[in-house]
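*Asks:* kindly return the folded structure for what I paste below:
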Amino acid sequence: MSITLNLELASGQSLKDVPVELLRDGVVIGRTNVAANGQAVFDAKDGKGQLAVRVDRSILTT
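*Replies:* Numbering: from 1, shown residues only. As a prediction, this is how the structure comes out:
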């Protein structure tokens, strides 16, 4: 299963190369980095459960 997300920050700050994780019921099922166009593409196995995305914001400057 392929999932594509478009990500952007309200501040307009770039998310390029920011690591993101796809979680199902709190368990990581995919990892990727955000592309220059703001897209994150995950390839994960099919399954049922609650999906969530975790972004490592610690690398962003304030």
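*Asks:* against residue 36, how distant is the most centrally placed residue in the chain?
*Replies:* Geometric centre of the chain, nearest residue: residue 20, 3.6 Å, by CA atoms, centre = their mean. According to CB to CB, to the nearest Å, residue 20 and residue 36 sit 14 Å apart. The C-beta positions use only the backbone N, C-alpha and C, and glycine is treated the same way.
*Asks:* what residues of stretch 8-15 count as buried?
*Replies:* The neighbour-count check on stretch 8-15 (16 or more other CB atoms under 10 Å) flags residue 15 as buried.
*Asks:* tally of neighbours for the residue nearest to residue 43 when sequence neighbours are not counted?
*Replies:* Excluding the flanking residues, the one nearest residue 43 by CB to CB, 6 or more residues apart in numbering is residue 2, at 5.5 Å. A count of nearby residues for residue 2, using other CB atoms under 10 Å, gives 8.
*Asks:* is it true that the residue nearest to the centre of the chain touches residue 41?
*Replies:* No: contact criterion CB atoms under 8 Å: residue 20 and residue 41 do not qualify, at 10.2 Å.
*Asks:* so what sits against both of those two?
*Replies:* 5, 32 (CB atoms under 8 Å, 6 or more residues apart in numbering).
*Asks:* ok, which stretches of the protein are strands?
*Replies:* 2-6, 19-24, 27-33, 39-43, 51-55 (DSSP state E).
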